[in-house]
Structures are given as C-alpha cells and as structure tokens.
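Undergrad: Structure for the following, please:
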Amino acid sequence: MPDYRPRVADAELSDLVQAVGAVLIEGPKACGKTATASRVAATVFTMDQDGTARASIELNPDYLFDRPTPILFDEWQVAPDLWNRVRHAVDAADRGRGLYLLAGSATPRDDVNRHSGAGRFGVLRMRPMSLFESSHSTGEVSVAALLAGQKQMGRDGGLTVPQLMERIVIGGWPDLLEADETSARRWLSGYLRQVVEVDIPSFVGRRDPRTMSRVLASLGRFVGQSPTTRAISADAGGERGPVAPATIYSHLDALERLQLLDNSEAWQPHMRSRTRLRTTATRYFVDPSLATSALGVSSTDLLNDLEAAGFHFEALVLRDLRIYAQRLEGRVDTWRDAEGHEVDAVITLPGGEWAAVEVKMSQKDVDKAAAALLRFADRVDTERQGKPMSLIVVTATGSAGRRPDGVNVVPITALGP
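TA: A predicted model of the protein is given here:
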C-alpha cells in the first residue's frame, strides 16, 4: 500500500497478532481500520459487500476459513454469527496466533455473544489520525518519555492558531488528509447524515433522525464538559421541551455502538482532603470535527468565539493523548471536584504511573495552568497514589521544555507517541 500513512496502531496490531489467535479492530467508520488491517492480512473478505461470504458462514464455512492467514473479515458486524465461527476456528487451531482479524465500525445488537472471546481475541481501538500521524506534529516530545519522567525539548510544528482551528474542523480522517476546509465540511456533513439515516437504523435500531441530530448538536455544545442527562435532554429539546431521559439514553447508546463517542471517565485518586469528587463523565466525540460539524461551525466561527474554541481545542488534544497513551496500555480520564477544581486529563499506566495534563490555547494562561497542576498534585495522597511522573500543560504554539517549577510545557504540534 504505497500511499499508506503509518499509524500508532501499527505497532499495537503487530504485538497483538503475535499474542492471540484473533484481533478485533474497533473504531468509527472511515478512521482507517481497513487500511491498517489489510497491511497485515493475507486474505480479505469485505462482509458488507460480499454476499457470497455472508452466505458461506452457514452454508460453506470452508470457503471463508480454508485460506491463507491472517484472514481479515472487514465490517464483520453485518454478519454477527461470524464471531462464533472465528472463535471455534481459533480453538481448532490449537494456540495458533494472528490467524484472524475482525474490523468493525459498529457493535452488533447481540453483543453478549462476544463475551466468550476471552483468551482468544485481542482488542485494538482505532481513532482518526492524531496530528503526528497526519504530519501536522513533529512528534519531538514523546508522551512515553514524559510518562517516564524525562525532560523533553522541542518546538511547535509551525501551525498558527487559525490553522489549528482548521485542523479541528477538518479532523483526522484519512480521507481528508489533503482536503481543504470547505470540502471537509461537506464530507463530514454527509458522514453524519449517513450515521443518522443509515448506520443507526441498520446496526443499532431505528431512532428518530431529527432528535438524533439535535442530540449530536447538544453534545457538540457540551464538548469538554460534564452535563447531566437532564441538561442534555433540555438542550436537545429546545423550545419543544426536554427530550425524555429514556430517549436520550437510547440515542447515546446508539452513538456509543457506532464508536463515535470517546468520553473521559472520572479519575478517583486518593486525596489528602475529604472534598467530594464528581463522577460524571466528560463528553467528547472520537474526533473534534464531529462536534463542529454537528454544530455547523467553521474555523472562522471558532476564532470569533475563543471561549468555545478552547473546548474544541481541548477535544483535539484529548484525541491525540488517547492515541499516544493507548500504545502504552494507558487510559485517559478527567478529574473534577465539587468545588469546581478540575484537571483536563489524567493519564494512568497499568503499573500505576500517572501524569496530569492541563490544556490551554494561549501562552498567557500557562502560569495559571501550571499553578493549578501543582496545587492538584499537592492534594493527591502520594503515599497511596504515588507521585506524578509528569505535570504537563499542552498549548497551541510555542516551544517545549520544563519550567523551574517542574511543570512541562508542550505545544500540541510537537507532541507524539
């Protein structure tokens, strides 16, 4: 594949195919799952287009499985019975590794059948491209190195704030790598229309498309915030009155099943004080462009409303942090207490190492963000939680380095895995 752009997930996939019999690759439609999996696969079946392959699951399984491996079943969710066929094939292979790849952009309704995949399947989550993967970040500052406590130096990739607003609106979709903003907005509008009118009815179950569009717009307004379901109900309902909570839950479930949401759960550390911590998740889409598309806003609109732009810039940073942290088997959460204090992202690794991140577009806010991180770290019970490996302020522009107070400052266009 001569035009293939390397992905952070390439290394994750390589590790998984050496460890388990089958790999489930999940992510939203058009994020690049097929291209990444096809580089590894020896045989490819496109299940949503190949009627013979779908019919063969029951009538002639050898047609599917008597092939060179690894075998990729792309968009496998259109034929959910394939899950058990692959599971049995892995069992029959007697500890074979890297035999099958299942790529899917939706979680089937009968998700319960997947529980029997433990020990047979590895799971790889894919998202649209980070700025490093799309060549908009130099990657000079490594998240892995920061999590190891190392000092990192570097310069931003040269993008201005207006250009970063364009990257938010265009997003990290492989199909839009060379697109201008106008073309990208047209593509994304069609993408969301397909989600609402086709994908949700086909894979999840019918939902009212008008309500779904209002829910998408509401989630766009609440990006980087922790609204209650009641707040989303009221916002999505508008002058018509609140949408029923059950309807909101069903619509959010539909978006989750299509891998379009990427919320940050609440981090619950051991604290020195007894301040009550908030447990509501912080809302994000899997790519910041989905929020701006749902709202119908352009990069110019973002520049005219810098407060809103700050939330969407935060969503851009969180997307990239998730991609880089996942390579380390880490997770990205958020922290908020009842007094209104918050930290935008907390990265936690399997061994317990952790780092706290604040996101600020403007350089003039770095001092304030650094002070907030230091206060937060002082409130954490480090005897039980451990000391942070790094405190980080991610900015839009500037240079990367470590301040005298120990806080790292990193422009997003210098950040990489």
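
Undergrad: going forward, measure contacts between C-alpha atoms and count neighbours the same way
TA: OK.

Undergrad: And the strands in the stretch 301-417 of the chain?
TA: Assigned by DSSP state E, counting those that start in this stretch, the strands in the stretch 301-417 of the chain fall at 331-336, 342-348, 354-359, 390-395, 399-402, 408-411, 415-416.

Undergrad: could you dump those strands to a markdown table with distance to Asp48 and mean pLDDT?
TA: Shown next, in a markdown table, are these (distance: least, C-alpha to C-alpha, whole Å; pLDDT from 0 to 100):
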| stretch | distance to Asp48 | mean pLDDT |
| --- | --- | --- |
| strand 331-336 | 32 | 96 |
| strand 342-348 | 37 | 97 |
| strand 354-359 | 40 | 98 |
| strand 390-395 | 41 | 98 |
| strand 399-402 | 46 | 97 |
| strand 408-411 | 41 | 98 |
| strand 415-416 | 34 | 98 |
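
Undergrad: For Ala19, find the nearest of these.
TA: strand 331-336 (21.0 Å; C-alpha to C-alpha).

Undergrad: Alpha carbons of that closest one, as CSV, please.
TA: Output of strand 331-336 as CSV, limited to C-alpha atoms (Å, rounded to 0.1, in the frame of the first residue of the first chain):
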residue,chain,number,x,y,z
ARG,A,331,-6.0,5.3,29.8
VAL,A,332,-7.1,9.0,29.8
ASP,A,333,-9.5,10.2,32.4
THR,A,334,-10.5,13.6,33.9
TRP,A,335,-10.6,14.9,37.4
ARG,A,336,-13.1,17.3,38.9
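
Undergrad: can you list contacts of that strand?
TA: 264-268, 277-279, 281-282, 321-322, 325, 342-349 (C-alpha atoms under 8 Å, 6 or more residues apart in numbering).

Undergrad: mind listing what the residue nearest the centre of the chain touches?
TA: When C-alpha atoms, centre = their mean is applied to the chain, the residue found nearest the centroid is Val286 (4.2 Å). Listed by C-alpha under 8 Å, 6+ apart, the contact set of Val286 reads 28, 127-128, 259-262, 319.

Undergrad: If we go by neighbour counts, what in the helix or strand in which Thr247 is found is buried?
TA: Element membership for Thr247, per DSSP states H and E: helix 245-257. Across helix 245-257, burial judged by 16 or more other C-alpha atoms under 10 Å covers 248, 251-252, 254-257.

Undergrad: now, which of these sits nearest Thr52?
TA: Nearest member of these to Thr52, counting by C-alpha to C-alpha, is Arg257, at 26.3 Å.

Undergrad: before we move on, the earlier item: just the buried residues of helix 245-257 now: which is nearest Gly386?
TA: Once C-alpha to C-alpha is applied, the member of these that ends up nearest Gly386 is Glu256, at 32.9 Å.

Undergrad: Pull the number of nearby residues for Val17.
TA: Val17 has 21 neighbours, counted by other C-alpha atoms under 10 Å.

Undergrad: got JSON lines for the strands of the stretch 301-417 of the chain, with mean neighbour count and distance to Ser56 too?
TA: Shown next, in JSON lines, are the strands of the stretch 301-417 of the chain (neighbours: other C-alpha atoms under 10 Å; distance: least, C-alpha to C-alpha, whole Å):
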{"stretch": "strand 331-336", "mean neighbour count": "23", "distance to Ser56": "39"}
{"stretch": "strand 342-348", "mean neighbour count": "22", "distance to Ser56": "44"}
{"stretch": "strand 354-359", "mean neighbour count": "25", "distance to Ser56": "48"}
{"stretch": "strand 390-395", "mean neighbour count": "25", "distance to Ser56": "51"}
{"stretch": "strand 399-402", "mean neighbour count": "19", "distance to Ser56": "55"}
{"stretch": "strand 408-411", "mean neighbour count": "26", "distance to Ser56": "51"}
{"stretch": "strand 415-416", "mean neighbour count": "26", "distance to Ser56": "43"}
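
Undergrad: about what we covered before: report all helices and strands that the helix holding Thr247 contacts.
TA: On a contact count with 3 or more C-alpha pairs under 8 Å, 6 or more residues apart in numbering; DSSP states H and E, helix 245-257 meets helix 209-221, helix 229-237.

Undergrad: Which one of those helices lies nearest to Asp94?
TA: helix 209-221 (45.7 Å).

Undergrad: any idea how far Leu192 is from Asp301?
TA: Applying C-alpha to C-alpha, to the nearest Å, the value for Asp301 to Leu192 is 20 Å.

Undergrad: Looking at these two now, which is surrounded by more residues?
TA: Leu192 (17 against 14).

Undergrad: Check which helices and strands the strand or helix carrying that one is in contact with.
TA: Counting by DSSP H and E, the element that carries Leu192 is helix 181-194. Helix 181-194 sits against helix 161-170, helix 288-295, with contacts defined as 3+ C-alpha pairs under 8 Å, 6+ apart.

Undergrad: CA atoms only: put the last one into CSV for me.
TA: When you say that, I think you mean helix 288-295. Provided in CSV are the C-alpha atoms of helix 288-295 (Å, rounded to 0.1, in the frame of the first residue of the first chain):
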residue,chain,number,x,y,z
PRO,A,288,-13.2,17.0,17.3
SER,A,289,-14.5,17.5,13.8
LEU,A,290,-17.8,15.7,14.6
ALA,A,291,-18.7,18.3,17.2
THR,A,292,-18.0,21.3,14.9
SER,A,293,-19.9,19.5,12.0
ALA,A,294,-22.9,18.8,14.2
LEU,A,295,-23.0,22.5,15.1
